[in-house]
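# predicted model and sequence follow; I will ask about them next.
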Amino acid sequence: MSEELIRVGVLGARGRMGAQAVKAVEGAADLELVAAVDAGDDLAALVDAKAQVVVDFTHPDAVMDNLRFAIDSDIHAVVGTTGFDHERLETVTGWLGAKPDLGVLIAPNFALGAVLAMRFAQQAARFYASAEVIELHHNRKADAPSGTAAHTAQLISQARADAGLAPGSDATTSERPGARGADVDDVRVHSVRLPGLVAHEEILFGAEGETLTIRHDSMDRVSFMPGVLLGVRAVRSRPGLTVGLEHVLDL
Ligand SMILES: NC(=O)C1=CN([C@@H]2O[C@H](COP(=O)(O)OP(=O)(O)OC[C@H]3O[C@@H](n4cnc5c(N)ncnc54)[C@H](OP(=O)(O)O)[C@@H]3O)[C@@H](O)[C@H]2O)C=CC1
Ligand SMILES: O=C(O)C1=N[C@H](C(=O)O)C[C@H](O)C1
């Protein structure tokens, strides 16, 4: 007896990531693309098409309304869109309180190597008081710093705190605004935007007489698709909010 296909809707379907997600879902034997929705389209198309899982690659300004709609409509969600701070995550958790069977997976980055790089950075952080993040992206990216870099900084900061390590200092007393990057949880994050780039991150650690550099490069958006498909397959059996693909990968 054949298994029923998972009915998937994609939000942001005409965008750079959404278009890739549409292709990936269409190419997966166990999934069925039932709705492709972009800006200006009616979200009701998801309900009309009986979508079971929605994939969101839209915009930080749009994603909360989309998630509210999905949760209210009993549709599980796999979210790649950035812009999730602590407050937004708490809001989503609150919405899910009324829907105990529903799953939402929010992943700052779906590329396997990026997830591993974040985990390696988390492991290294307790040994180094000083760490900085450089993220490099295409020049059409709406937000800075990247969601991945912000998440990496949070992980480093938490790992340092857990180890009782105070953040390292430097001697800078004079600087142009922005020269030392953004302060994200006591970690400096530097954002580069250039045509030709896709998505790249370097995490640098320093101690007396040595440095450690962890680097990941997505040269093509196909790199995100195995993670997206994994999320779509997993989210229905993960009720509540999951933040980060590392939990699905069991890293
Ligand atoms: N987690 C991950 O692994 C990754 C996450 N991302 C994130 O995904 C998001 C999208 O990135 P990217 O694809 O490059 O961006 P794009 O701008 O190429 O695509 C976004 C698409 O969403 C559309 N859109 C905007 N608002 C809505 C809405 N309310 N409903 C449906 N569609 C909407 C946009 O339409 P219009 O242009 O008309 O506004 C556009 O077509 C970003 O936040 C990015 O950081 C990106 C790569 C990987
Ligand atoms: O906008 C992008 O392109 C990307 N966005 C995500 C982020 O902000 O971290 C993931 C990846 O870096 C690509």
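Yes, it's here. Residues are numbered from 1 along each chain as shown. Ligands and ions are numbered 1, 2, ... in the order given.

# below-threshold pLDDT in the stretch 51-200 of the chain: ranges please.
Nowhere does the stretch 51-200 of the chain drop to pLDDT under 70.

# who in the stretch 1-150 of the chain is up against ligand 1?
By C-beta under 6 Å from any ligand atom, the residues of the stretch 1-150 of the chain that approach ligand 1 are 11-12, 14-18, 37-39, 57-60, 62, 66, 80-82, 107-110, 147. Where C-beta positions appear, they are placed from N, C-alpha and C, glycine not excepted.

# 5 Å instead, please
By C-beta under 5 Å from any ligand atom, the residues of the stretch 1-150 of the chain that approach ligand 1 are 11-12, 14-17, 38-39, 57-59, 62, 80-82, 109-110.

# among those residues, name the buried ones.
The neighbour count (16 or more other C-beta atoms under 10 Å) marks 11-12, 15, 17, 57-59, 80-82, 109-110 as buried among these.

# most widely separated two among those residues?
Maximum pairwise distance among those (C-beta to C-beta): 18.2 Å, between 11 and 109.

# the residues of the stretch 1-150 of the chain next to ligand 1 also near ligand 2: which ones?
Within those, those near ligand 2 by C-beta under 5 Å from any ligand atom are 82, 109.

# helices - which of the residues of the stretch 1-150 of the chain next to ligand 1 land there?
Using DSSP state H, 16-17 are the members of these that sit in helices.

# that older thread, can you list the buried ones among the residues of the stretch 1-150 of the chain next to ligand 1 in TSV and add distance to residue 215?
Output for those, formatted as TSV (distance: C-beta to C-beta, whole Å):
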residue	distance to residue 215
11	31
12	28
15	26
17	22
57	24
58	28
59	28
80	21
81	24
82	20
109	14
110	18
